[in-house]
Each structure stands twice: as C-alpha cells, then as structure tokens.
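K.L.:
Mind looking at a prediction? Sequence and model below.
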Amino acid sequence: MQPDLHYGLPGQAPRFDSAGAARLAREMYGLDASASALPSERDQNFLLATSAGRYVLKIANAAEHRAVLEAQNAAMAHVADRVAFCPRVLPTIAGDTIGIAPGSGHLARLVTYLDGLPLAEAGARTTALLESLGRAVGRLDRALEDFDHPAIHRDFHWDLANAAPVIARHLPLVLDGGDRQLVRRVSATARQTIEPLQAAFRRSAVHHDANDWNVLVSSPEVVGIIDFGDMVHSWTVADPAVAVAYAMLDGSDPLATAAAIVRGYHAEHPLRDEEVVAVFPLATLRLCVSACVAAWQQQQRPDDEYLAVSQGAIRRTLPVLAAIPPQMAEQTLRSACGLGPSRC
C-alpha cells in the first residue's frame, strides 16, 4: 500500500509561471500555446490555448509517486470507450504519457480539454441537472467497476474510509471554537450511522472528487468529470456521497439535492440498502474532513486562496445538515431510489 503523502506535499508543489508552462508545452509536446494557470490543491494545472484547440497541462507535486500518475492514466484509458465525459491523456513528442519537466524533475502530463462550466459557477441547480450529475457519477463508477491498479491501494487522507483518523489529527487546527465543536459533533453523529454498515459496502476504484469544481455542465446536463488526482480503492458509495456533499453547499433544500443525485446514481449503478442509508452521513463526513484538511493546509500555505474555496460554504451548510434528522434523510433517499422500509 502506498503511504499517504499529505505531509510532504505543500513544500514540494511545482512553481512554474505561465511562460514556463508554455515553454514546457513547446519542448515536451510540440505545442505553440499560451498558458494560463488553473486552480489546484497540490499540483499545478495550466490551460493551454493553441490555434488547433485547448489542452490542460498537469505538473505533479514532486512528492507524488509516478505509480499514482500511471494509475490515473490507466483509469482514464480504461473508461475512455465507456464514457465520453472524462479527459484523455495525450503523449509527449517522445510518445510517453508521463514526461519529466526539463530542469525541475517534476512529472508532467497533457490531457484533453473538456468544454463546460464548473458546477460551482453554473447558477441554478435544477432537479434535471442534479439527476444528470448522479447518472454521470454512476456511469463512471460502473466503468471503473472492473478497473484496478496497485497504486490506488493507498493510505490517502481524502479517502472517506480514513475519515476518523484524519479528523482526529487535524481538528485541533480548526481555529474557531464553534466550528471545531460543530465538526466534532457532526462527524461523530455520521460515524454512528456509518460504522455498523461499512462491512457491507462494496469496494472499488473510485474517482472520489466529484466536487462542484471538478464537474462540468452545459445546462441541463453534466458534460464532464475531471481530475482523477484523488483516485483510491475504497468504498464505492463514497463517490455519490462526495457529489452530494458539494452539491448541497449553500443550497435551499439539501435533502432534495441529495435525493436527485442519488436517484440518478441508483438508476445507473444501483446502491445496496446499506449504501443508501450511508450516503447522507458520508456526505456530511466529507465536509468535516474538508474543514479539517483545509485547516492544516492553510497553516502550511496561508496565501493560497484555493485551499479555502469551499470553507465558507461548509461553515454555513454544516449546521443546516446537522439539524436534519437521520431517519428523515434515510427515508428521503430510499424513496428517491424507489425502495421500501430499510432492512438494515
């Protein structure tokens, strides 16, 4: 199992500017392109614009294992003939899918650019759009069902199966006492539901990061799911839970949002009884993990605004989610899936 690189990542992020990224594109891929920076948690991404089209240049953190990038590439290749909404890896001039940036040693990849607006910027989230999100995540999980790679069997801080130790480690870094107590209470409540059920959860390769910046939409449909950087072999139900978590942020009716996504997902990749029960608490648990990891990362990189991109919305949304009775959430999602009373 690969070790968690969480603690080595902040100080080893690449530091290319746009001119340097354009130079890499020319030297490694033969592209005459202008480059503009895209947000990233621990790597660097650049949008490349050429006369022939657009691409995304991804420059990996120096602490990232090559095998993890190979796993991501293999996963994108595996799903390429099954779904049309994920990026594809393009080779270097030398024919490699992973190149080494001259002068830095950072590993680099080029992937296709997908049109669409991030869900975070898409405005009104209609029921049809949310169901489309659920269907897209379900189709992706179905495509990944028979995929595996040794490198995704890793100890990873974003893995929801590791939520308890990650929260315990970083919760003291959440500076606001009220926020800290809220995360402690919400995560404990979620775990009370999840832990008795988890033995029944399926395990598979999961994308694990269908957040509102990694989902691209062209109303009324989802047209892209990008960034396989958080891929891990874990609970299959984590994927719809992550999608639900970020789609609920600042929403007027979080249960209706969750129901629409789960209905779409279940239609494409049916959930087990225990997984349906777990989706909502897993979604709240993901937001707790995000609050704790962000507190640690902001301590390391206080000037990186991207690390706080979801934190205000999480602080506003967690109290709303905490007020929803667990039985109401469970019954709402069971009804969305067309299921009767729980057998769990």
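P.N.:
Thanks, I have the structure now.

K.L.:
can you map out the strands along the stretch 101-250 of the chain?
P.N.:
Shown for the stretch 101-250 of the chain, the strands assigned by DSSP state E, counting those that start in this stretch span residues 107-112, 117-118, 203-206, 215-218, 221-225, 232-235.

K.L.:
Looking at these, which is nearest to Ile98?
P.N.:
Distance to Ile98, taken as CB to CB, is lowest for strand 107-112 among those, at 5.4 Å. Backbone N, C-alpha and C define where each C-beta goes, glycine included.

K.L.:
Please spell out which residues along the closest one are buried.
P.N.:
Neighbour counts over strand 107-112 (16 or more other CB atoms under 10 Å) mark 107-112 as buried.

K.L.:
For burial, what's the neighbour tally of the nearest residue to Glu275 once chain neighbours are set aside?
P.N.:
Spatial nearest neighbour of Glu275, excluding adjacent residues (CB to CB, 6 or more residues apart in numbering): Val237 at 4.0 Å. The local packing count at Val237 equals 30, with neighbours defined by other CB atoms under 10 Å.

K.L.:
what does Asn214 give?
P.N.:
Close neighbours of Asn214, defined as other CB under 10 Å, add up to 21.

K.L.:
what do you get for Gly116?
P.N.:
Gly116: 19 surrounding residues under other CB under 10 Å.

K.L.:
isn't it right next to Leu216, touching?
P.N.:
Yes - using CB atoms under 8 Å, Gly116 is in contact with Leu216, at 3.0 Å.

K.L.:
overlap in contacts of those two?
P.N.:
Residues within reach of Gly116 and of Leu216 at once, by CB atoms under 8 Å, 6 or more residues apart in numbering, are 223-224.

K.L.:
Any idea how many residues pack against the closest residue in space to Ala120 that isn't next to it in sequence?
P.N.:
Setting aside the residues directly before and after it, Ala120 is nearest to Asp212 in space (CB to CB, 6+ apart), at 3.9 Å. If you count neighbours by other CB under 10 Å, Asp212 ends up with 22.

K.L.:
where does the stretch 201-344 of the chain have low pLDDT?
P.N.:
301-310, 343-344 (pLDDT under 70).

K.L.:
Switch the strands of the stretch 101-250 of the chain over to TSV; also include distance to Leu197.
P.N.:
Shown next, in TSV, are those (distance: least, CB to CB, whole Å):
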stretch	distance to Leu197
strand 107-112	36
strand 117-118	32
strand 203-206	14
strand 215-218	26
strand 221-225	26
strand 232-235	10
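
K.L.:
So for Leu182, which of those strands sits nearest?
P.N.:
Between Leu182 and the strands of the stretch 101-250 of the chain, the tightest spacing by CB to CB is seen for strand 232-235, at 24.2 Å.

K.L.:
Please enumerate residues in contact with the closest one?
P.N.:
With contact meaning CB under 8 Å, 6+ apart, strand 232-235 is reached by 148, 152-154, 156, 158-161, 198, 201-206, 208, 282.

K.L.:
Derive a ChimeraX selection command for the buried subset of the residues you listed.
P.N.:
Command for ChimeraX that selects the buried part of the contacts of strand 232-235, burial taken from 16+ other CB under 10 Å:
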select :148,152,153,154,156,158,159,160,161,198,201,204,205,206,208,282
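
K.L.:
Which of the contacts of strand 232-235 fall within helices?
P.N.:
Mapping the contacts of strand 232-235 onto helices (DSSP state H) picks out Leu282.

K.L.:
I figured the residue nearest to Ala120 hits Pro118, correct?
P.N.:
Yes - counting by CB under 8 Å, Asp212 does reach Pro118; the two are 6.5 Å apart.

K.L.:
How about Pro270: what's its closest non-neighbour residue?
P.N.:
Distances taken as CB to CB, 6+ apart place Cys337 nearest to Pro270, at 7.9 Å, with adjacent residues excluded.

K.L.:
Please report the distance of that neighbour from Ser252.
P.N.:
Applying CB to CB, to the nearest Å, the value for Cys337 to Ser252 is 23 Å.

K.L.:
Helices along the stretch 151-300 of the chain, start to end?
P.N.:
With DSSP state H, counting those that start in this stretch as the criterion, the stretch 151-300 of the chain has helices at 163-170, 177-194, 238-247, 254-268, 273-300.

K.L.:
right, and those helices - which one's nearest Ser40?
P.N.:
Of all these, it is helix 273-300 that lies closest to Ser40, at 12.1 Å by CB to CB.

K.L.:
got the angle for the closest one vs helix 254-268?
P.N.:
120 degrees (axes from the mean of the first three to the mean of the last three CA atoms, to 10 degrees).

K.L.:
and the direction of helix 273-300 versus that of helix 163-170, what angle?
P.N.:
Using the same axes, to 10 degrees: helix 273-300 against helix 163-170 is 20 degrees.

K.L.:
Use 2 as the first number for this chain going forward.
P.N.:
With 2 as the first residue, the last one maps to helix 274-301.

K.L.:
Taking helix 239-248 as reference, get the angle to helix 274-301.
P.N.:
Using the same axes, to 10 degrees, helix 274-301 lies at 60 degrees relative to helix 239-248.

K.L.:
Does anything pack onto helix 274-301? Which helices or strands?
P.N.:
Judged by 3 or more CB pairs under 8 Å, 6 or more residues apart in numbering; DSSP states H and E, helix 274-301 is in contact with helix 164-171, helix 178-195, helix 239-248, helix 255-269, helix 312-323, helix 327-337.
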